[in-house]
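Novice: build me a structure from this.
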Amino acid sequence: MTRAVCPGSYDPATNGHLDIIGRAAKLFDEVVVAVLINKNKKTLFSVEERTEMLREVTAQWPNVRVDSWHGLLVDYCLENDIQAIVKGLRAVSDYDYELQMAQMNHQLTGVETLFMPTNPVYSFLASSLVKDVATYGGDVSTLLPPSILARLTQRLAERR
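Specialist: Next comes the predicted model:
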């Protein structure tokens, strides 16, 4: 069985994330969407909330499961018999950073990283940008699944 992981903070998951996850689901027997646990990173949603939202929006793919991790991603891969890391690339700047990480991961454990170019429709999309725009009342409805948009709108209203 071939397994891949799509790691990220997913705070919140966007249509760009789902595009990469869905495309990876066509290529692998199982795809694990791994939500980053980073106590030093300030997030809008808890790990549990992000995991719950991702389970809801990835339910359309029966070979996708959602999990969380803390520590080195390659250790998670080894513990879960995952052969590849799938990363979406929006621009050359993403490639520069992700290439170094991929080379380090391969050096550490031999786990491969596969780069998938983002659909041009989502090439500008980042969770942080979505949160910023939504915070100031901008329309982000075409950038997020409806259920995540509802939760983002609610969370931002709670913080006002």
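Novice: from now on I want contacts and neighbour counts done on CA atoms only, so please keep to that.
Specialist: Will do.
Novice: can you give me the strands in the chain?
Specialist: Along the chain, counting by DSSP state E, strands occupy 3-8, 30-36, 64-69, 84-89, 112-117.
Novice: residues contacting the closest residue to Lys87 other than its chain neighbours?
Specialist: Nearest residue to Lys87 in three dimensions, chain neighbours excluded: Phe115, at 5.1 Å (C-alpha to C-alpha, 6 or more residues apart in numbering). With contact set as C-alpha atoms under 8 Å, 6 or more residues apart in numbering, Phe115 has these partners: Val86, Lys87, Gly88, Leu89.
Novice: distance of Asp19 from Arg50?
Specialist: 17 Å (C-alpha to C-alpha, to the nearest Å).
Novice: more neighbours: which of these two?
Specialist: Arg50 (23 against 15; other C-alpha atoms under 10 Å).
Novice: surely the more buried one touches Leu36?
Specialist: No. Using C-alpha atoms under 8 Å, Arg50 is not in contact with Leu36, being 9.6 Å away.
Novice: who's in contact with the biggest helix by length in the chain?
Specialist: Ranked by number of residues, the top helix in the chain under DSSP state H is helix 92-109. Helix 92-109 is contacted by residues Val74, Leu78, Lys87, Leu89, Val111, Glu112, Thr113 when judged by C-alpha under 8 Å, 6+ apart.
Novice: among the residues you listed, which pair sits farthest apart?
Specialist: Leu78 and Leu89 (23.8 Å; C-alpha to C-alpha).
Novice: who has more neighbours out of the two?
Specialist: Leu89 (18 against 13).
Novice: distance check, that one against Arg155.
Specialist: Relative to Arg155, and taking C-alpha to C-alpha, Leu89 is found at 28 Å.
Novice: quick one: least confident helix or strand in this protein?
Specialist: helix 92-109 (a mean of 93; mean pLDDT, DSSP states H and E).
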